[in-house]
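**Student:** this is a predicted model, with the sequence first.
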Amino acid sequence: MSTQTSSTQKASAVDFQDWAQQLQARIETVLARTLPAADIAPQTLHAAMRYSALGGGKRVRALLCYAAAELCNTSVEIADAAASAVELIHAYSLVHDDMPCMDDDDLRRGKPSCHKQYDDATALLVGDALQSLAFEVLAAPHLCADGHQQVQMLQILAKASGSTGMAGGQAIDLGAVGKPLTQPQLEGMHQLKTGALIQASVLLGANNGNTAQINAVRAYAHNIGLAFQVVDDILDVEADTSTLGKTAGKDALSHKPTYVTLLGLASAKAYAAALYDKALAPLAPFGEEARRLRELASFITQRQF
Ligand code: GRG
């Protein structure tokens, strides 16, 4: 992303924490502007959409999108649209995932999950509407000068969210409860359930990239997406509910196969570290312009929540 804008600063002058905080505030503003106001009918649905998409979350997917945009000098307009689209899809997935028919969780981002705060029917509609809004944002007229490029962005997001992406991964996950999975099976499931949207976040941000940059970020995203999930499994065992803002220990309670149950805690940690190294390797040809992607890889693998 071109960083010479009023709201962002030259990469080298800002440390990672400040950079992340600036962009977390930025995506919050963009989403607040994008989501329908709570006083527009149907008010309850709009209020519940805002409740679910605003004011929480690490915004990892948006940050990955902005970091890839920085590497590829993607325009700030495209980066904002892509970052908000992936966060809207992510918010929809969390709302649906928390419902009684799926993971049945009462707590999300430190507050009652959408169906607890509202009701099941509202939560279902919130997820549906957030998903549609994500595509509406990416389909904005004249977002890209090249219409073909914009259609490609829509396709990237559609594939990442659909039955051969996140929704498919969720279906495999639900079917795997109580069953032992091999590591390749577990990996395949997570590549779809969590990895596909993480990869889409990076690829959408890399919209303006050349072939070398796009190939590099694709390989980066593959490994960092898996690392994200391995760390998630570790945190489910090691962190507490108030730190996570969601119910800790849920995987074991639900008899879900995880990297910790498959490999053990120590080997799962070693695996996350190995995936961090693998994520960084394809960025080696790049300099300062890939700094934020490197820092995000570190953030994702070191995170405590
Ligand atoms: C319902 C179609 C459908 C899909 C749900 C992604 C997903 C599939 C469910 C989320 C359940 C879950 C806890 C998965 C583990 C990894 C994950 C996506 C964690 C939550 O993402 P974070 O940590 O959340 O980025 P924040 O709140 O920080 O945005």
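**Tutor:** Thanks, I have it.
**Student:** roughly how far is stretch 259-274 from the heart of the chain?
**Tutor:** Chain-centre distance of stretch 259-274: 22 Å, with Cα atoms, centre = their mean, to the nearest Å.
**Student:** tell me the buried residues in that stretch?
**Tutor:** 259-263, 268-269, 271-272 (16 or more other Cβ atoms under 10 Å). Any C-beta I mention is one placed from the backbone N, CA and C, and that applies to glycine too.
**Student:** mind picking the two most distant members of the residues you listed?
**Tutor:** By the measure Cβ to Cβ, 261 and 272 form the most distant pair in the buried residues of stretch 259-274, at 15.2 Å.
**Student:** so where is the chain shaky, pLDDT-wise?
**Tutor:** 1-12 (pLDDT under 70).
**Student:** can you pull out the strands in it?
**Tutor:** For the chain, the strands defined by DSSP state E cover 107-108, 111-112.
**Student:** touching the last one from outside, list them.
**Tutor:** Read that as strand 111-112. 56, 106, 117, 245 (Cβ atoms under 8 Å, 6 or more residues apart in numbering).
**Student:** could you do stretch 162-170 as well?
**Tutor:** In contact with stretch 162-170 (Cβ under 8 Å, 6+ apart) are residues 89, 93, 97, 102, 159-161, 171, 189-197, 200.
**Student:** show me these that map onto helices.
**Tutor:** Mapping the contacts of stretch 162-170 onto helices (DSSP state H) picks out 89, 93, 97, 159-161, 171, 189-190, 196-197, 200.
**Student:** for this structure, which residues are neighbours of the ligand?
**Tutor:** 57-58, 60, 90, 93-94, 96-97, 102, 109, 166-167, 170, 193-194, 229, 232 (Cβ under 6 Å from any ligand atom).
**Student:** so who does the residue in the chain that the ligand sits nearest to touch?
**Tutor:** Per Cβ to the nearest ligand atom, residue 57 is where the chain lies closest to the ligand, at 3.0 Å. The neighbourhood of residue 57, defined by Cβ under 8 Å, 6+ apart, consists of 87, 90-91, 109.
**Student:** and the gap between the residue in the chain sticking out farthest from the centre and residue 47?
**Tutor:** The C-alpha centroid of the chain is most remote from residue 41, which lies 28.9 Å away (Cα atoms, centre = their mean). When distance is defined by Cβ to Cβ, to the nearest Å, residue 41 is 11 Å away from residue 47.
**Student:** now residue 231
**Tutor:** Applying Cβ to Cβ, the value for residue 231 to residue 47 is 33 Å.
**Student:** what of residue 236?
**Tutor:** Distance from residue 236 to residue 47, by Cβ to Cβ: 30 Å.
**Student:** what about the helices in the stretch 151-300 of the chain?
**Tutor:** In the stretch 151-300 of the chain, the helices defined using DSSP state H, counting those that start in this stretch lie at 166-176, 183-190, 196-205, 211-238, 241-244, 250-253, 259-263, 265-280, 291-302.
**Student:** right, so these: which one is the most enclosed?
**Tutor:** helix 196-205 (a mean of 27; mean count of other Cβ atoms under 10 Å).
**Student:** next, count neighbours for the closest residue to residue 140 other than its chain neighbours.
**Tutor:** Leaving aside its chain neighbours, residue 140 sits nearest to residue 81 (6.4 Å; criterion: Cβ to Cβ, 6 or more residues apart in numbering). Using other Cβ atoms under 10 Å, residue 81 is surrounded by 25 other residues.
**Student:** name the residues that touch stretch 76-84?
**Tutor:** Under Cβ under 8 Å, 6+ apart, the answer for stretch 76-84 is 1-2, 5, 8, 23, 26-27, 30-31, 34, 61-62, 65-66, 69, 74, 134, 137-138, 140, 143-144, 153, 201, 204-205, 207-208.
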